[in-house]
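> A predicted structure for the sequence below; I have some questions about it.
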Amino acid sequence: MNYHQSRYDEPLIFEIEEGEPIKVPNYPIKDNMIPKNLKRKGLDIPTLSEESVVRHYTRLSQMNYGIDTGFYPLGSCTMKYNRKVMEEIAGWREVTNVHPYQDDAAVQGSLEIMYRLQRMLCEIGGVDAVTLQPAAGAQGEFTGLLITRAYHELNGEKRNEVILPDSSHGTNPASAVMAGYDVVEIPSKAGCVDLEALSSAVSKDTAVLMLTNPNLLGLFEKDVVRISKLLHDHGALLYYDGANLNAIMGITTPGKMDFDIVHFNLHKTFGTPHGGGGPGGGPLGVKKHLEKFLPIPSVEYNGSKYHLDYDRSHSIGKIKGFYGNFNVLVKAYVYIKLMGSDGLKEVTERAVLNANYLKARLEKHFDIPFKNHRKHEFVVDGSKLKERGLRTLDLAKRLLDYGFHAPTIYFPHLVEEAMMIEPTETESKETLDDFVDAMIKILNEDVELVKNAPYNTSVRRVSEVEAARNLILSMRMYEK
Amino acid sequence: MNYHQSRYDEPLIFEIEEGEPIKVPNYPIKDNMIPKNLKRKGLDIPTLSEESVVRHYTRLSQMNYGIDTGFYPLGSCTMKYNRKVMEEIAGWREVTNVHPYQDDAAVQGSLEIMYRLQRMLCEIGGVDAVTLQPAAGAQGEFTGLLITRAYHELNGEKRNEVILPDSSHGTNPASAVMAGYDVVEIPSKAGCVDLEALSSAVSKDTAVLMLTNPNLLGLFEKDVVRISKLLHDHGALLYYDGANLNAIMGITTPGKMDFDIVHFNLHKTFGTPHGGGGPGGGPLGVKKHLEKFLPIPSVEYNGSKYHLDYDRSHSIGKIKGFYGNFNVLVKAYVYIKLMGSDGLKEVTERAVLNANYLKARLEKHFDIPFKNHRKHEFVVDGSKLKERGLRTLDLAKRLLDYGFHAPTIYFPHLVEEAMMIEPTETESKETLDDFVDAMIKILNEDVELVKNAPYNTSVRRVSEVEAARNLILSMRMYEK
Amino acid sequence: MMCPDNPKIKEMLRTIGVSSVNELFSDIPREVRIERLNLPDGKCELDVKKEIEAILKKNKTTDDIVSFLGAGIYDHFIPSAVFSIIGRSEFYTSYTPYQAEASQGMLQALFEYQSLMAELTGMDAINSSMYDGATALGEAALMCARLSHKSEFIFPRTIHWEKKSVLDNYSKGCGLKLKEVGYNAENGKIDLKHLKELVNEDTAGVYIENPNFFGVLEDEIDKVKEIIGNVLFVVGVNPISLGIVKAPGDYGADIVVGDAQPLGNPMNFGGPLLGIFGCRKKWIRSMPGRVIGLTKDANGKRAFCMTLQTREQHIRRSKATSNICSNESLCAVATAVYLSLIGRDGLKKLAAINISKARELAQRIDGIDGFKAPLFNAHHFNEFVVSSSLDMDVVDEHLREHGIQGGIRLNEHFEELKNTALYCTTETHVAKAHDALIKALEELV
Amino acid sequence: MMCPDNPKIKEMLRTIGVSSVNELFSDIPREVRIERLNLPDGKCELDVKKEIEAILKKNKTTDDIVSFLGAGIYDHFIPSAVFSIIGRSEFYTSYTPYQAEASQGMLQALFEYQSLMAELTGMDAINSSMYDGATALGEAALMCARLSHKSEFIFPRTIHWEKKSVLDNYSKGCGLKLKEVGYNAENGKIDLKHLKELVNEDTAGVYIENPNFFGVLEDEIDKVKEIIGNVLFVVGVNPISLGIVKAPGDYGADIVVGDAQPLGNPMNFGGPLLGIFGCRKKWIRSMPGRVIGLTKDANGKRAFCMTLQTREQHIRRSKATSNICSNESLCAVATAVYLSLIGRDGLKKLAAINISKARELAQRIDGIDGFKAPLFNAHHFNEFVVSSSLDMDVVDEHLREHGIQGGIRLNEHFEELKNTALYCTTETHVAKAHDALIKALEELV
Ligand SMILES: Cc1ncc(COP(=O)(O)O)c(C=O)c1O
Ligand SMILES: Cc1ncc(COP(=O)(O)O)c(C=O)c1O
């Protein structure tokens, strides 16, 4: 392998030689504008030339792995390729240079995009109404849970439990607690919801079951209809964690599976870029009976004009300033337009094909629990690595030397030394094959070599222990 | 040193797995649209997915050095930093999506930019009229020489010689020959024009003297006024090669030095990016007496509207389609606006300061012929390297390992093992110091190490000999 | 449908051991299947662009109209280099930097963001982003409750009503009671007497905004601090103002929140924004959100990685300090680039220009019969309340006809403020913009 | 003036051994000095942007109007990914790849451009760009003279008048005589009889364009080849047409020229363009311009570098094959990316769409009283001549009022073609665009 990531001995922005900065707009400044006791003393940020800044961040960027530089098999993260035309359109002045409080008449374009996106997501989610406000999946969850609470309260019920499978994503329990719920975690059986365990967990205290389907092991919960019925019979709601929507589009919908609430991760399924962590978008869809609880405003159309409607009888109010991550919404809109009904189904098919192909090739060399077909992802059990004195972490680090990102590791917790692999639909067979070849090759490499990996990245193995022990989160803490 | 350039084993675009390409606009296609004997048989270009293409070229880009990744001390090339706002503006639809033959009324914006740029360049060049048509400096030269010919012919003279100093850039003699002239090269004296040699070279056959000032050794031709007078007294013209304008802006102008013709390299002095070789821009300016020979059209203003004027009595016609590299012109316009009169002078001052600083630091370790101050660049004599069994080429290659681009080497020819160094004004002292440190360090490195450099680039030393011996200029030639 | 004749696909199916892609979906019960998504089929890029262009043309941008809107989102100058950098695909197509060795670029850029914002705010640590200023406030309230184990959170009436609603929703879960402290009707500053009445042993934290929603600079901040004593002190900032306004860390803040949209992020019709969240060293382990730490690699070379992850949902699940996962990292990088470009002197100057311009505009409006500006007798940053003896509906309509978008109206949410609007101006307003407003207003009287 | 108090500057001056920056300019004689440049002082980015925005708004883009202009520059669909790639600063801020080891990215991309264009044209080698199609033709004429040592170059009347002027200027220097061959008035194709008359032992080369300036496909190309025999045969192409039109290499061309602007480069009001220049293997060493060759590095790994530099001005000076130095490399990269994205099937489809659309549009125009289209009875690519019994000035003015820009007028340069215009249509025209034209034309009768 001949891969090497860029490497620069790049100083911190505070350590670069100062220079002539770009000009700021000119304006005569009056004195005494600020109350004496609010006057700032020092301001210890650097003053640099544009060339220094651009060179610095260009170099940093080259020391960063992105989907445009290579394969990113991060399970549960749906790292698909992001179409460039989405970026281009989202950069238009008509998108960026508009204030959210402009008069409705001056923002008909933005409102129309939002309105149409709401409708499209309703169709994809099998729901009746959508709010675009949540900034990410986790906020969608939080919003959904606030709605759950409002719903039960309006019914005069005080239900205080959220049920989740043990394979659920960390945001699910965290959101539940933030919304004031107690979390009831139920164990899995053969990787799926254990119906018996669920039955005994469900009660009149159950507010909602949070589920994703296929689940985080990539397995489709075949009993989903029985599960829905069980919950609904107990007066509880069903929440669909939309992070895995990439496995079912065009085949089924959360609504069709009888979920009441569903969030969408625009930065996963709908190909908006992850931005190193964000921004994303986490629109939330609900069935008719929950519509009145959605955050304000919604975007409505009266046949001739679009407008922001603040008049929602039982709205929970706002969960974020303004109307959501509009710029991201535009990208998702473009994505759905580009793909269309036919394209979205192909996305699903290819994502599932790719996952099962990877699994088929890897399972000759690795333990992969559960024999069924997967949907879009699967989890490898890395515990056998221990026999050779290795850990999943070592394998992950060594993959970086081959120019691949590592899979999601040590999650879900119910698989030992887990490696969670999601190839997505945008990777070619060639890339998948190269990845498998690298995985196999590493298995046969010298143990010490692998344990000390990576070598070909911009730095060698990074000490997280040191970071936690000697906590330095800013230049201020560094210098002190 | 810890630098390493990105390295990928990147296949050729023809070798990548084919995939689903982006859609092209739909339209019902009729049969029999093409005469039978013009029907194409094969078309052996690949069909790839957008993700494959983007990943491929993103990786290639990381294997390329640019001014945004590091210092580029290429003498005579003026590799200065390119302001990002220039790119942004040049990307606006009002710049890109306009056809050159649209009605004048529909292109007033473009014409106004061109008109104003013409005026600004007149001021900077000290000339009376400018054409923006030439695509690059060399084409500016060619245009200037065609004008020279037209001028003398109109005067009933048949002058067939172009005089150049031996330090002149290769395009000067090449353009002269293309324009049908004989080239008379005169030797330098102490790095400058040898007035005696010039005197004896000048005759009634002399059409024009091509000169740049400061010259390619970075020395200002102090006798420029006497030189001008000498040529003019003989009825010849003076041509200023504008590649070195970065050394004199705000201090003097070619016009003031009595040159009749001058080209501008927008991609050097005016900070438009080089694009890996182009596009650039080579506007040509002339004094009043030559204006009537300029190519058509010129952009004129009648007090209320801008228009294209094709009515130039003795125009040489066209030397390129349409009106020049308009997109590049826009960037140059932005640059001049950003810099202004004060900024352009500072550019010159800092460029000259940087060059002399570098020279001062390097001359303790290297031979640098000619003791005077330099303007924006200087030439190092690398012949001493031979004593250690090294060549300038080796030093250049080793610099790449330190993350620096190499200087221009083996030019100008009158300095042995030449290294021509031009730092430009946009480099910090810190960068210059790091460069000097690397140069000195290499002098003390193991000879074999240096001779086999580079190591840290995406490939090791490339064989130009092999390329010339076994000529492969395309996939077709590769496969045969 | 994927082309079943594609030899690559066939080979993949063979390896899997199925005869068709459909077989891979055999576990999906018939009863939950749909026929197809009722959406049009996919279109080519050009068609999509043309369609969306036609839609978006119906927007008026701040290049088309003169807008005096602020209220949480601001139109500031953004150097082009910011977009060049965040447009680098290694940054924007990357995921959360879980594999530190392959992600040093993003990690260092975020560490620089944290460092720059720490300096601006006077906090030791800033996380690598919250969704926006409103949710950052919500998280701050939760953090106060977590740290103090107390049950009340005090916030000023002088915050944006949307923020209040968000705060409400965030506090609900943990049963935190919200108490609103009023403002001085004359100068718009916090009502110190009222504050004194509200603070008690149940107070988990006190929130103050500086400048507040009316653009007023809270210069009696020392007295606020005096009143609240050791209670956790949360300060909300407009980060541009910190070019010349004292850092909250220098007047006793424990937690700083705000929105860094003004620092290099476009308005984008409301999002993405960039929630600032910072605190003093001693509270760090209770912070929500991701933080990047400085550390070493195996060679002892300086390196960066995510740290304190045990606070986070993916490790701690229901005991996490927050549910946040995806955040606004790229916006944080934009802000780091922005601050690096604008620099110390630039930021000072920008802050001063904003104050100067706002003051001058207020004075000019105040000079018009029937208008008062600023309504509150205080120092302002770049926003101020305008009140009028005229019906503000009429004023706004008139301005609209002149291509001017007036400030945001306050009456609906501040009943006491009839016929008022919050006006904002920044360095992006050319002189003509102010003239146009004044001229239009003068026409009304 | 540079700040003389800056300690860095002071240190630099000290190292140099001068006391001021001015001293470094002491060698510039007083008599040639200027006071200052008479230009305004520098402005901030925002002000410059606003000023230029105001100027450029006076342009109408092809999004604002419906344009039927072609004649050498074409409005084609460009996938966004093209801009993303050529917007990568490692590409656009690099110089000519003199140091191959540090420049493999650009070198490989250019090699791929050469390879893709070689395949399209059927040539063995394509250089890594000329300024544009017109200068490429000029260089081709010079190359013919160089190779043949003969004195006459034949070109068709059916080329753009601007190209003719450029050809003229390029040929002047070496004394090459230009001879124009006429066209068949009925079908617009080259006049074979006339050609036969012109070719003789002094002929250095013959140039044919396919499609020619009138959009006509020269399908009697075999007869042309027969007539010219072994004389160097130069063919000009519209590269989009090569998606379905036979490669010139397959009908005997020695040299191919043209403009690759249609392949991924915007119109840009005329430039930059991208001159295609290719030839058969045996002529390679006489080619103008830069070429990239495939080779090996010291480890035997495949690598790329500039080759045959001894033909070029920086080595060969007055004996170089051309004076070209800076070229249009980045446009060539754009074209490589474009072709990679569009692909084999896409390009075929695009070419077919262009033909179909042009034919359909011509038929619709022809159906209107007083109009004839195409004027020439032949197969066309995406352009065709429209003639009218009406005054074309009136037609154009009428169209303009409907937001339509008619085709370019021919009368001025082709006296025989009164009241004619060259119309172009491409895949970017939506159906409505054609309807609008037809409706407007119908109003005229
Ligand atoms: C299954 C699942 N649920 C929820 C989330 C949270 O989504 P977000 O990161 O958008 O907040 C994720 C994100 O990784 C996820 O994979
Ligand atoms: C001194 C000099 N003259 C002329 C040229 C030719 O300019 P261009 O490359 O723009 O054709 C150059 C370019 O390197 C140069 O350095």
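Received, thanks. Numbering: from 1, shown residues only, chains lettered A, B, ... in the order given. Ligands and ions are numbered 1, 2, ... in the order given.

> With adjacent residues omitted, what lies nearest to A:Leu362?
Taking Cβ to Cβ, 6 or more residues apart in numbering or on different chains as the measure, A:Leu362 lies nearest to A:Val436, with 6.0 Å between them; neighbours along the chain are not counted. Every C-beta, even on glycine, is put in place using the N, C-alpha and C of the backbone.

> Confirm C:Leu116 sits in a helix?
Yes. Remark: C:Leu116 belongs to a helix, assigned using DSSP: H, G, I helix; E, B strand; the rest coil.

> give me the number of residues near it?
The local packing of C:Leu116 (other Cβ atoms under 10 Å in any protein chain shown) involves 28 other residues.

> Please tell me I have it right and it contacts A:Ile45.
Yes. Counting by Cβ atoms under 8 Å, C:Leu116 does reach A:Ile45; the two are 5.6 Å apart.

> now chain A, which segments are flagged as low pLDDT?
A:1, A:31, A:480 (pLDDT under 70).

> run the last query once more with 90
Residues of chain A that meet the criterion pLDDT under 90 lie in A:1-2, A:25-34, A:41, A:167, A:311-313, A:370-372, A:413-414, A:479-480.

> State which helix of it is the longest.
Scanning chain A for the helix with the most residues, using DSSP state H, yields helix A:326-362.

> Packing partners of it?
Helices and strands touching helix A:326-362, by 3 or more Cβ pairs under 8 Å, 6 or more residues apart in numbering or on different chains; DSSP states H and E, are helix A:84-90, helix A:93-96, helix A:108-125, strand A:378-381, strand A:418-421, helix A:429-443, helix C:7-16, helix C:45-56.

> if we can go back for a sec, tell me the contacts of the residue nearest to A:Leu362?
Residues in contact with A:Val436 (Cβ atoms under 8 Å, 6 or more residues apart in numbering or on different chains) are A:Leu358, A:Arg361, A:Leu362.

> Now do the first one: how many residues are near it, please.
Other residues near A:Leu358 come to 29 when the count uses other Cβ under 10 Å.

> so it makes contact with A:Asp433?
No. A:Leu358 sits out of contact with A:Asp433 when judged by Cβ under 8 Å, with a separation of 9.4 Å.

> how much space is there between the nearest residue to C:Met392 once chain neighbours are set aside and C:Asn382?
Once its chain neighbours are removed from consideration, C:Met392 has its nearest residue in C:Asn419; the separation is 4.6 Å (Cβ to Cβ, 6+ apart). When Cβ to Cβ, to the nearest Å is applied, the distance between C:Asn419 and C:Asn382 equals 22 Å.

> So those two - more neighbours on which side?
Set side by side, C:Asn419 and C:Asn382 show more neighbours around C:Asn382, with 29 against 18, by other Cβ under 10 Å.

> Name the nearest residue to the more buried one, ignoring sequence neighbours.
Across the structure, with Cβ to Cβ, 6+ apart as the measure, the residue nearest C:Asn382 apart from its sequence neighbours is C:Asn354 (3.8 Å).

> Quick check on A:Ile409: phi, psi?
The phi/psi pair for A:Ile409 (degrees, to the nearest 10) reads phi -120, psi 150.

> for the one 4 residues further on, same thing?
Main-chain torsions, A:His413, degrees, to the nearest 10: phi -60, psi -20.

> who touches both of C:Leu116 and A:Ile45?
Common neighbours of C:Leu116 and A:Ile45 (criterion: Cβ under 8 Å, 6+ apart): C:Leu339, C:Ser340.

> Please enumerate the strands of the stretch 151-300 of chain A.
When assigned using DSSP state E, counting those that start in this stretch, the strands of the stretch 151-300 of chain A occupy the ranges A:161-165, A:182-186, A:188-189, A:192-193, A:206-211, A:237-240, A:261-263, A:284-286, A:298-301.

> Output those strands as CSV; include the columns mean neighbour count.
Written out in CSV, the entries for the strands of the stretch 151-300 of chain A read as follows (neighbours: other Cβ atoms under 10 Å in any protein chain shown):
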stretch, mean neighbour count
strand A:161-165, 26
strand A:182-186, 18
strand A:188-189, 16
strand A:192-193, 26
strand A:206-211, 26
strand A:237-240, 28
strand A:261-263, 31
strand A:284-286, 31
strand A:298-301, 18
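
> Among the ones you listed, which comes closest to chain B?
Across the strands of the stretch 151-300 of chain A, chain B has its closest neighbour in strand A:261-263 (26.2 Å, Cβ to the nearest Cβ).

> Give the residue spans of chain C that score low on pLDDT.
Looking at chain C by pLDDT under 90, you get C:1-6, C:308-321, C:412, C:430-431, C:445.

> How is whatever residue of it ends up closest to ligand 2 assigned, secondary-structure-wise?
Per Cβ to the nearest ligand atom, C:Ser84 is where chain C lies closest to ligand 2, at 24.6 Å. Assigned with three-state DSSP, C:Ser84 falls in the helix class.

> Run through the residues that contact residue 286.
This is for chain A. A:Val127, A:Asp128, A:Ala129, A:Val130, A:Gly144, A:Ile147, A:Asp260, A:Ile261, A:Val262, A:Phe293, A:Leu294.

> think we crossed wires, I meant chain C
Under the criterion of Cβ under 8 Å, 6+ apart, the neighbours of C:Ser286 are C:Met143, C:Arg146, C:Leu147, C:Cys279, C:Arg311, C:Thr321.

> domains for the chain, by residue range?
No chain in the question, so chain A it is. Taking automatic domain parsing as the criterion, chain A consists of the domains A:13-62, A:86-338, A:345-469.

> Wait, chain C was what I had in mind.
According to automatic domain parsing, chain C is divided into the following domains: C:66-76+C:342-442, C:80-339.

> so does stretch C:423-430 get close to chain B?
No. Between stretch C:423-430 and chain B, judged by Cβ under 8 Å from any Cβ of the partner chain, nothing touches; the nearest distance is 14.8 Å.
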